[in-house]
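# Have a look at this fold, sequence not included:
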């Protein structure tokens, strides 16, 4: 089945969402971006529950850009659930957060994050970070093979 290389952007700050989308568009990253504004929305999308009930779970995102400080369910819990489910455990997860706490970085990697990027406050640095993310995860990285036999 054709994979459109969707990006799942899990971010509750509307300014950061708008900025990320603008940078991706500016650098011609035309991939579909699915937005989730809290941890529950992200989990519903990934597992086909709630508002996303009935979604074709064979079509998973190419990469998840995950903030840590989220309402309802925080980013570390989202990451924990992604890694604990055989349908999603191999999905690349990039933590994209403003947190500079060492424990957040340690916990993210302990739970299986593929990368941890601290959001720069400076627009140009943030734009460059997002551009490089798009290039690496969507063009250079070879995704894991599809898990067959999963519902």
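Nice, I can see it. The structure displayed is predicted, hence computed values, not measured ones.
# Look at residue 95 and tell me its secondary structure.
Here residue 95 takes the strand state, with states given by DSSP: H, G, I helix; E, B strand; the rest coil.
# Bridge partners for it, pull those for me.
Here residue 95 sits in beta bridges with residue 66, residue 116, going by DSSP bridges.
# Confirm for me that it is in contact with residue 119.
No - if you go by C-beta atoms under 8 Å, residue 95 and residue 119 don't touch, sitting 10.0 Å apart. For every residue, glycine as well, the C-beta is placed using N, CA and C.
# Comparing these two, which shows the higher neighbour count?
In this view residue 95 and residue 119 are compared by other C-beta atoms under 10 Å, and residue 95 has more residues nearby, 27 against 21.
# Which residues are in contact with that one?
Applying C-beta atoms under 8 Å, 6 or more residues apart in numbering, we find residue 95 in contact with 66, 67, 68, 75, 79, 104, 105, 108, 113, 115, 116, 117.
# Name the member of those residues with the most neighbours.
residue 75 (29 neighbours).
# what's the closest non-adjacent residue to that one?
residue 68 (3.7 Å; C-beta to C-beta, 6 or more residues apart in numbering).
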